[in-house]
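Trainee: Give me coordinates for this.
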Amino acid sequence: MTSTAAPTARHWAERWDRQQEAFLPEREEQFTAIIDAVEEISGRPDPLVLDLGCGPGSIGVRLLARVPDATVVSVDADPLLLELGRAAHGGVRGLHFVDADLRSPGWVDRLGLERQADAVVSSTALHWLDPATLVAVYTAMTKVLRPGGILLNCDELERDREASPVLSRLDRSLLRREYARRFPEGRGDGWYEWWEQVQAEPAFADAVAERRRRGYDGENHSDLSAGFGIHLDALGQAGFAEVGTIWQRGEVRLLCGVTDSPDNALAFDDPGTHNHAAGAHP
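Mentor: Predicted structure coming up:
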């Protein structure tokens, strides 16, 4: 890309955010929940955070706006999205993009981490991994994370429709109703429209050629592991000490896996945040 392409990149990054929000109307709220959790657990002003399937860096720029001394290592395998992120957010201190495919052996070695991470985050990205690869990625993260570190994955993850038909229907209907409220006149850019148009942008010609050389077809969106149960099982198989949902809107769930640590047993809630606070019992 030329030096004149930064405004173009920012334009396309903004359009990326808008088309993502059309599918996930609570997207900013989910980012806030992710960053809140990172701040709560890291316990330091300069956390090291790994962002898997980062796209153009949407989580990273928001996290660094809140926690400016953090370091965010943003990983993706799509050369166009990486080029877009680097050009649009190149001036953001602490944001580092890494070209690595989560399906490739040894991808963790390419990250250049100087210490164990405090948190690993991901948003609407890991559902395209097949279940076996998902387990492998989650297992690798138990080693990348420090003891007591957290993995946060927010995605549209559906229940088993046969086992929970009514709950599954309610999950889906809540999202549909929210879409209707947020976008009464219809959505703007869709997923396919965005990809078609961004690949026609002359400033990204080299990146488009590279992604074609790699055989990537970004507008195709697979759901190899879009099941809620698949991710819970994978986190358990990977060896996380605690696994569960900490935020949810319909089918969109923020899953959290916590690595084992002696300090975990000492964790406790602020009693003032509960209805059963001291003095509330009869």
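
Trainee: which SS state does F97 fall under?
Mentor: Secondary structure, DSSP: H, G, I helix; E, B strand; the rest coil: F97 is strand.

Trainee: so where's the stretch 1-150 of the chain uncertain?
Mentor: By pLDDT under 70, the low-scoring segments of the stretch 1-150 of the chain are 1-4.

Trainee: which intervals of the stretch 151-282 of the chain have sub-threshold pLDDT?
Mentor: Scanning the stretch 151-282 of the chain for pLDDT under 70 picks out 183-188, 217-224, 264-282.

Trainee: can you give me the strands for it?
Mentor: Remark: strands assigned in the stretch 151-282 of the chain by DSSP state E, counting those that start in this stretch are 242-249, 252-258.

Trainee: For V137, which of these is the nearest?
Mentor: Proximity to V137 (Cβ to Cβ) singles out strand 252-258 among the strands of the stretch 151-282 of the chain, at 11.5 Å. In this view, the C-beta of every residue, glycine as well, is placed from N, C-alpha and C.

Trainee: elements contacting the closest one?
Mentor: Strand 252-258 is packed against helix 27-42, strand 145-156, helix 228-238, strand 242-249, with contacts defined by 3 or more Cβ pairs under 8 Å, 6 or more residues apart in numbering; DSSP states H and E.

Trainee: now that strand and helix 27-42, what's the angle there?
Mentor: Inter-element angle recorded for strand 252-258 and helix 27-42: 10 degrees (by axes from the mean of the first three to the mean of the last three Cα atoms, to 10 degrees).

Trainee: could the strands of the stretch 151-282 of the chain go into CSV alongside distance to P45?
Mentor: Output for those, formatted as CSV (distance: least, Cβ to Cβ, whole Å):
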stretch, distance to P45
strand 242-249, 22
strand 252-258, 21
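
Trainee: Quick check: which of those is buried the most?
Mentor: strand 252-258 (a mean of 23; mean count of other Cβ atoms under 10 Å).

Trainee: Look up the closest residue to E251, ignoring the ones flanking it.
Mentor: The spatially closest residue to E251, leaving aside those adjacent along the chain, is D171, at 4.3 Å (Cβ to Cβ, 6 or more residues apart in numbering).

Trainee: Could you pull out the helices in this structure for me?
Mentor: Counting by DSSP state H, the chain has helices at residues 6-23, 27-42, 58-66, 79-89, 131-144, 165-182, 191-198, 205-213, 228-238.

Trainee: can you tell me how far A180 sits from G106?
Mentor: Counting by Cβ to Cβ, to the nearest Å, the separation of A180 from G106 is 46 Å.

Trainee: Likewise for S42?
Mentor: Distance of S42 to G106, given as Cβ to Cβ: 27 Å.

Trainee: Which one's more surrounded, these two?
Mentor: For S42 and G106, the more surrounded residue by other Cβ atoms under 10 Å is S42, and the numbers stand at 21 against 7.

Trainee: these two touch, right, that one and D118?
Mentor: Yes. Counting by Cβ atoms under 8 Å, S42 sits close enough to D118 to count as a contact (4.2 Å).

Trainee: Could you pull out the buried residues of stretch 144-152?
Mentor: Going by neighbour count (16 or more other Cβ atoms under 10 Å), the buried part of stretch 144-152 is V144, L145, G148, G149, I150, L151, L152.

Trainee: try stretch 256-266
Mentor: For stretch 256-266, the neighbour count (16+ other Cβ under 10 Å) marks C256, G257, V258, T259 as buried.

Trainee: One more: stretch 61-68?
Mentor: For stretch 61-68, using 16+ other Cβ under 10 Å, the buried residues are V61, R62, L63, L64, V67.

Trainee: what does stretch 125-143 give?
Mentor: By 16+ other Cβ under 10 Å, the buried positions in stretch 125-143 come out as 125-129, 133-138, 141-142.

Trainee: May I ask which two of those residues are separated the most?
Mentor: W128 and T142 (21.2 Å).

Trainee: that older thread, right, so the helices of the chain: which one is the most enclosed?
Mentor: By mean count of other Cβ under 10 Å, these have helix 79-89 as the most buried, with a mean of 24.

Trainee: List the contacts of T139.
Mentor: For T139, the contact set (Cβ atoms under 8 Å, 6 or more residues apart in numbering) comprises Q237, A238, G239.

Trainee: doesn't L134 make contact with the first one?
Mentor: No. With contact defined as Cβ under 8 Å, Q237 does not reach L134; the gap is 9.4 Å.
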